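Student: structure for the following, please:
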Amino acid sequence: MRRICLIRHGHPDFPFGERRCVGGRTDLPLGALGRMQAALLPFLPELEGLSAVFCSPLARARETALPLCAAPRVMAGLEEQDMGVWDGLSFREIRERFPELYEARERDPSLLPEGAESMDEVRARMRAALLRCLDESEGDIAVAGHRTAIASLTGHRELLLHGSVTVLRWDGERYSIEALGVRPCPPLTRRLAETLLAAAAPGERVEAHCRAVAAEALRIARALPSELDEELLVSAALLHDVARAEPDHARVGAAWLRELGYADAAACVERHHDCCGEAIDEAAVLFLADKCVREDRHVTLAERFAGSEARCLSPEARAAHAARLEAALRLRDEINALCGRTLVE
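Tutor: Prediction:
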């Protein structure tokens with residue numbers, strides 16, 4: 001009995017952040033979240049002991065397979081369902097141009113736009129492609145592909161989230177479903193946080209800043225009389241600017257981590273820009289550590305806030321900056337008092 005591990009690709013990089021109908025004609029790469037989802041795949045027990053890794057010809061599937069195999073085998077026939085005239089359009093455009101069909105498909109997904117593949121056509125080519133994958137390999141295999149294409153074989157589209165794995169058992173004639181939509185979520189350690197940061201690739205300067213903030217957060221935490229969760233703190237610090245290129249990067253980075261299954265780290269990341277809580281917890285230490293580091297260099301709070309004040313052009317921005325400085329100074333004074341020395345300047 002052989003196992004076929006069907007992997008839905010990670011989250012794509014949608015142009016301008018606008019969700020699209022991404023079918024077999026639309027070739028998008030993975031976004032930062034998608035690359036992090038792919039980076040988690042080697043930690044999934046279901047993907048151990050593979051003899052070969054295959055993928056669809058589309059970039060988002062090839063990139064998803066790379067953490068499992070440096071050279072996955074591209075197999076024609078594994079592509080996503082061709083959505084005809086809708087393929088590649090944003091859902092906003094589809095609603096505007098095809099309002100009746102868009103509304104009707106909400107009730108009956110079997111209705112298709114002009115030129116789209118039927119589910120029977122998708123199923124037939126997927127089965128043929130999987131048979132070729134099996135013929136060209138031995139033992140258990142992984143296949144990185146697409147949601148509707150996988151659902152054509154399993155009938156469970158709603159469970160196939162980005163980066164999920166569905167396991168089929170193949171007896172030589174037919175397959176049966178062993179697991180549906182399994183998502184990897186190993187414990188978030190410092191090492192894994194480094195892996196996720198590298199996968200997201202926010203840029204060398206941002207990565208250097210994240211590592212410097214993690215070191216500063218650990219220095220502060222170890223001086224406190226009460227113990228904090230160092231693994232959580234350092235992991236969150238390493239990932240606090242993972243979405244630095246996005247507007248409202250603290251909220252977006254936290255949303256990415258929640259999507260990956262790391263709610264505790266997400267809560268810290270979400271508060272690293274503005275932390276108004278009373279407790280000196282992991283999020284508060286991360287907030288203060290971030291304010292003690294400019295680029296990858298340790299600075300005083302006065303230096304850090306003087307440097308950022310010039311960028312506050314509106315009254316609202318200046319008020320937020322002042323509130324942030326006040327919170328940082330209050331937290332600094334509380335921590336210094338607890339430590340009995342000037343730990344943070």
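Student: can you give me the neighbour number for the residue nearest to Pro225 when sequence neighbours are not counted?
Tutor: Computed as CB to CB, 6 or more residues apart in numbering, the closest residue to Pro225 that is not its neighbour in sequence is Leu338, at 5.9 Å. Placement of C-beta: from N, CA and C, glycine included. Using other CB atoms under 10 Å, Leu338 has 14 other residues around it.
Student: list the buried residues for the helix or strand hosting Leu338?
Tutor: In the assignment (DSSP states H and E), Leu338 maps to helix 315-339. Along helix 315-339, these residues count as buried under the neighbour rule (16 or more other CB atoms under 10 Å): 324-325, 327-329, 331-332, 335.
Student: and this protein, what are its domains?
Tutor: 2-182, 190-339 (automatic domain parsing).
Student: columns distance to Gly139 and pLDDT on top of the buried residues of helix 315-339, output as a markdown table?
Tutor: Formatted as a markdown table, the buried residues of helix 315-339 follow (distance: CB to CB, whole Å; pLDDT from 0 to 100):
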| residue | distance to Gly139 | pLDDT |
| --- | --- | --- |
| Arg324 | 56 | 86 |
| Leu325 | 60 | 85 |
| Ala327 | 56 | 86 |
| Ala328 | 56 | 86 |
| Leu329 | 61 | 90 |
| Leu331 | 55 | 91 |
| Arg332 | 58 | 91 |
| Ile335 | 55 | 90 |
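Student: lowest-confidence helix or strand of the protein?
Tutor: helix 301-309 (a mean of 81; mean pLDDT, DSSP states H and E).
Student: what helices or strands is that one leaning on?
Tutor: helix 282-291, strand 293-294, helix 315-339 (3 or more CB pairs under 8 Å, 6 or more residues apart in numbering; DSSP states H and E).
Student: so what's the most centrally placed residue in the chain up against?
Tutor: Residue closest to the average C-alpha location in the chain (CA atoms, centre = their mean): Leu33, at 2.5 Å. Listed by CB atoms under 8 Å, 6 or more residues apart in numbering, the contact set of Leu33 reads 10-11, 162, 200, 256, 259-260.
Student: hmm, 10 Å instead?
Tutor: Listed by CB atoms under 10 Å, 6 or more residues apart in numbering, the contact set of Leu33 reads 10-13, 162-163, 199-200, 242-243, 252-253, 255-257, 259-260.
Student: could you do Ser235 as well?
Tutor: Applying CB under 10 Å, 6+ apart to Ser235 gives the contacts 187-194, 196-197, 214, 229, 257, 262, 264-265, 268-269, 282.
Student: in helices only, show me those.
Tutor: Members of the contacts of Ser235 lying in helices (criterion: DSSP state H): 190-194, 196-197, 214, 257, 264-265, 268-269, 282.
Student: Serialize the residues you listed to a markdown table and add fields for pLDDT.
Tutor: Shown next, in a markdown table, are these (pLDDT from 0 to 100):
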| residue | pLDDT |
| --- | --- |
| Arg190 | 97 |
| Arg191 | 97 |
| Leu192 | 98 |
| Ala193 | 98 |
| Glu194 | 98 |
| Leu196 | 98 |
| Leu197 | 98 |
| Ala214 | 98 |
| Leu257 | 98 |
| Asp264 | 98 |
| Ala265 | 98 |
| Cys268 | 96 |
| Val269 | 97 |
| Glu282 | 96 |
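Student: buried among those residues? Make that a PyMOL selection.
Tutor: For the buried members of the ones in helices among the contacts of Ser235, the matching PyMOL selection, counting by 16+ other CB under 10 Å, is:
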select buried, resi 190+192+193+194+196+197+214+257+265+268+269+282
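Student: which among the ones in helices among the contacts of Ser235 gets closest to Pro72?
Tutor: Pro72 has its nearest neighbour among the ones in helices among the contacts of Ser235 in Leu196, at 20.8 Å by CB to CB.
Student: among the helices and strands packed on helix 301-309, which is nearest Arg127?
Tutor: Closest approach to Arg127 among the helices and strands packed on helix 301-309 is made by helix 282-291 (49.3 Å; CB to CB).
Student: and the closest one, what other elements does it pack with?
Tutor: helix 204-223, helix 230-239, helix 263-270, helix 301-309, helix 315-339 (3 or more CB pairs under 10 Å, 6 or more residues apart in numbering; DSSP states H and E).
Student: need the ones you listed in TSV with distance to Ala71, can you?
Tutor: Output for the helices and strands packed on helix 282-291, formatted as TSV (distance: least, CB to CB, whole Å):
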stretch	distance to Ala71
helix 204-223	26
helix 230-239	29
helix 263-270	33
helix 301-309	45
helix 315-339	48
